[in-house]
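Q: Fold the following for me, if possible:
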Amino acid sequence: MLRPKYPEAPTPSIVHVPTAVPTAQHSHAPACSCQHAPALAFARPAGPLSGINAGTVGAVVTVGIVLTALLAAVAVTAISVAVAAVVMRSLLTSQRRR
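A: Now for the predicted structure:
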């Protein structure tokens, strides 16, 4: 019911650019013998956390800070009320004994 609807991410269009093949090719020895996969410019991370961005992380951190501050305020209020209750009880019992 209250689930946000995220806009669809645009799919990158692959543009084929004709390249000219040079007549003289220089062959260089590879720096290592391992085979690297080509880097894709528009590759998306796979996994359950792929939709998280900096805005989401910032919102979660902000909500966490606000909730922590509220919890601290409630704890301080509870302690002050408890101290006031002990002082009031002490004053009332001392008046009864007189």
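Q: Helices of this structure, residue ranges please.
A: 54-97 (DSSP state H).
Q: just for it, where's the confidence low?
A: For the chain, the stretches with pLDDT under 70 are 1, 12, 14-32, 35-51, 98.
Q: and with 90 instead?
A: The model of the chain has pLDDT under 90 over residues 1-57, 94-98.
Q: Could you report the separation of Gly64 from Val86?
A: 33 Å (C-beta to C-beta, to the nearest Å). All C-beta atoms are positioned from the backbone trio N, CA, C, and that covers glycine.
Q: and Ala85, how far is that from Ser33?
A: 77 Å.
Q: Oops, could you answer that again for Thr62 instead?
A: Applying C-beta to C-beta to Thr62 and Ser33 gives a distance of 49 Å.
Q: of those two, who's got more company?
A: Thr62 (10 against 6; other C-beta atoms under 10 Å).
Q: where does that one sit relative to Thr68, distance-wise?
A: From Thr62 over to Thr68 (counting by C-beta to C-beta), the distance is 11 Å.
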